[in-house]
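Asker: sequence and predicted structure below; questions after.
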Amino acid sequence: MDKIFFILYSVIITIIYVIALPFLFWFSKRRSKYKISIPARFFLKNNRPLKSDGIWFHSCSFGEARAIYSIVDKLPKELLRLTTTTQTGYEAISKKQSEQSRYMPFEPLLFFWLKPQKVLVVMEAEFWYLLFALAQKRGAKTLLINARMSDRSFHKYQRMSWFYKMIFAYIDEVYAQSEIDRERLELLGAKNVQVIGNVKLADISVVTKQLSKPKAMLVCAGSTHEGEEQLILEAFAKLKEEEKSAKLVVVPRHPERFEKVSLMVKNFAKEHHYSWHNYSDNEAFNSDIVVADILGELVNIYAISDIVILGGAFAKVGGHNAAEAAQFGCKIISGEHYFNQRDIFSMIEGIAIVTESNLARRLQQHGQLIPTKIIQRTDIEPILNSIKDVL
């Protein structure tokens, strides 16, 4: 059965790939966001295979790629092989291993791109059947780390449980974020599941540059998504009625939205007679509103913030890592849609969860907010020991 499925899946995914090629080529020309990643992933442009016999880590987003730092920093650099599927993820992994960092090719291309490795370590929910199957067939020990299964995702995955059983057949060990995740993953066919907590708490981003804190109250809107900036700006305007000197820093999650958010803030500031500027033009927080249009500055801004409005949970994105702000004791306000971060949120004391309609009032009642505190950490030693066993 497994051999038949392997052949059928390979044929079907190859047909889909061939059909999609013209559309992918057109899309890579139309969207600057994908001008490097699509040619690399689907046409193998400037994307040669990784060296063999290494420790291969695969992650997707910037946050996931950044989370593996705590693990890869404890392993021989010459053995590291790193892949990702996004531009921001690639920027993150390149900082750790510039010579052996690649975009992950689309599955059919792995047949001739993938070389034998000692270990394959995949972050979170990157369930690529051929990735695990080919890596294991070619000698790699396969690990899924920081594995999670949100309420919403689990019901979708259950409908395709037969498919995920096929994938988990090629995963040797799973390191889950919580007991609930472990139970759900085992129902989908996962074996050798161990709960160690969230890897993102093992090595939280640290300050890279000391910024000058303004004397006024500083509110940071961190990792915001479409639709959230306007909501936060309106809440901030209500705060300004009482706290005349309060300042706001807006940090969009995705760099391709920097220009759009800057224009939004410009118009809002003009309407309310506020001053504003882009952080790339001036790193001082001397305007009423600052748009942080540079990657990698969020944790530095958290370090001097009094209140953090955490993005990704007012839009139905799933939330973002609250620990980066909580390490500084910031008062944190989050929306209700933090389903991808429930484990991290459970390890932090003091986060205020509010609805969209209550954000402005909660911000005005900032005196009632509690400084946050991280109450639990994560142990990555089991992962490291598993990897070192095969070196």
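Answerer: Yes, it's here.
Asker: okay, and for the protein, where does confidence drop off?
Answerer: Judged by pLDDT under 70, the chain has its weakly predicted residues at 1.
Asker: what's the domain layout of it?
Answerer: Domains of the chain are assigned by automatic domain parsing as 2-195, 218-374.
Asker: need those in CSV with mean neighbour count and distance to Ile204, can you?
Answerer: Yep, even glycine has a C-beta here, placed from its N, CA and C like the rest. As requested, the domains of the chain are exported to CSV (neighbours: other Cβ atoms under 10 Å; distance: least, Cβ to Cβ, whole Å):
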stretch, mean neighbour count, distance to Ile204
domain 2-195, 18, 9
domain 218-374, 19, 5
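Asker: of all these, which one is nearest Leu384?
Answerer: domain 2-195 (5.8 Å; Cβ to Cβ).
Asker: next one: the helix or strand where Leu263 lies to chain centre, how far?
Answerer: Leu263 is part of helix 258-272, with elements assigned from DSSP states H and E. Using Cα atoms, centre = their mean, to the nearest Å, the mean C-alpha position of helix 258-272 is found 26 Å from that of the whole chain.
Asker: tell me the helices and strands packed up against it.
Answerer: Under the contact criterion of 3 or more Cβ pairs under 8 Å, 6 or more residues apart in numbering; DSSP states H and E, helix 258-272 touches helix 228-242, strand 247-252, strand 276-278, strand 289-291.
Asker: rerun at 6 Å
Answerer: helix 228-242, strand 276-278, strand 289-291 (3 or more Cβ pairs under 6 Å, 6 or more residues apart in numbering; DSSP states H and E).
Asker: not counting sequence-adjacent ones, nearest residue to Thr378?
Answerer: Gly197 (3.6 Å; Cβ to Cβ, 6 or more residues apart in numbering).
Asker: how many neighbouring residues does the one you found have?
Answerer: 21 (other Cβ atoms under 10 Å).
Asker: do the same with the one 3 residues further on
Answerer: The number of residues packed around Lys200, counting by other Cβ under 10 Å, is 27.
Asker: wait, doesn't it sit right on Arg66?
Answerer: No: when contacts are counted by Cβ atoms under 6 Å, Lys200 is not listed as touching Arg66 (8.2 Å).
Asker: I'd like the domains of the chain as TSV, with distance to Lys209 appended.
Answerer: Compiled in TSV, those are given as follows (distance: least, Cβ to Cβ, whole Å):
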stretch	distance to Lys209
domain 2-195	15
domain 218-374	5
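Asker: of these, which is nearest Leu211?
Answerer: Short answer: domain 218-374, nearest of the domains of the chain by Cβ to Cβ, at 5.3 Å.
Asker: roughly how far is that closest one from the heart of the chain?
Answerer: Distance, stretch centre to chain centre, for domain 218-374: 17 Å (Cα atoms, centre = their mean).
Asker: quick one: end-to-end length of that domain, please.
Answerer: 21 Å (Cα to Cα, to the nearest Å).
Asker: now do stretch 22-39
Answerer: First-to-last residue span, stretch 22-39, Cα to Cα: 12 Å.
Asker: can you list the helices and strands packed on helix 258-272 in JSON lines and add distance to Lys95?
Answerer: Below are those laid out as JSON lines (distance: least, Cβ to Cβ, whole Å):
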{"stretch": "helix 228-242", "distance to Lys95": "28"}
{"stretch": "strand 276-278", "distance to Lys95": "24"}
{"stretch": "strand 289-291", "distance to Lys95": "24"}
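Asker: tell me which of the ones you listed sits nearest to Leu359.
Answerer: helix 228-242 (4.6 Å).
Asker: list of residues touching that closest one?
Answerer: Here helix 228-242 makes contact (Cβ atoms under 6 Å, 6 or more residues apart in numbering) with 221, 246, 248, 250, 261, 264, 268, 272, 309, 311, 314-315, 356, 359-360, 363-364.
Asker: which SS state does the residue nearest to Thr378 fall under?
Answerer: coil (DSSP: H, G, I helix; E, B strand; the rest coil).
Asker: same question, Phe132
Answerer: Classified using three-state DSSP, Phe132 is helix.
Asker: now do the residue lying closest to it once chain neighbours are set aside against Ser10, distance only.
Answerer: Nearest non-adjacent residue to Phe132, counting by Cβ to Cβ, 6+ apart: Tyr170, 3.9 Å away. Distance, Tyr170 to Ser10, by Cβ to Cβ, to the nearest Å: 14 Å.
Asker: ok, Pro108 next?
Answerer: 7 Å.
Asker: what is the burial count for the closest residue to Asn286 other than its chain neighbours?
Answerer: Setting aside the residues directly before and after it, Asn286 is nearest to Pro214 in space (Cβ to Cβ, 6+ apart), at 7.0 Å. Neighbour count of Pro214, defined by other Cβ under 10 Å: 18.
Asker: and Pro214, backbone torsions?
Answerer: Per-residue torsions, Pro214: phi -70, psi 160 (degrees, to the nearest 10).
Asker: pretty sure it sits against Ala284.
Answerer: No: the criterion here is Cβ under 6 Å, and Pro214 misses it with Ala284 at 8.2 Å.
Asker: now Leu231: how far from Asn192?
Answerer: Distance from Leu231 to Asn192, by Cβ to Cβ: 43 Å.
Asker: hang on, I meant Ser280
Answerer: 47 Å.
Asker: with Ile348 instead?
Answerer: To Asn192, Ile348 is 29 Å away according to Cβ to Cβ.
Asker: do His366 as well
Answerer: Separation of His366 from Asn192 (Cβ to Cβ): 46 Å.
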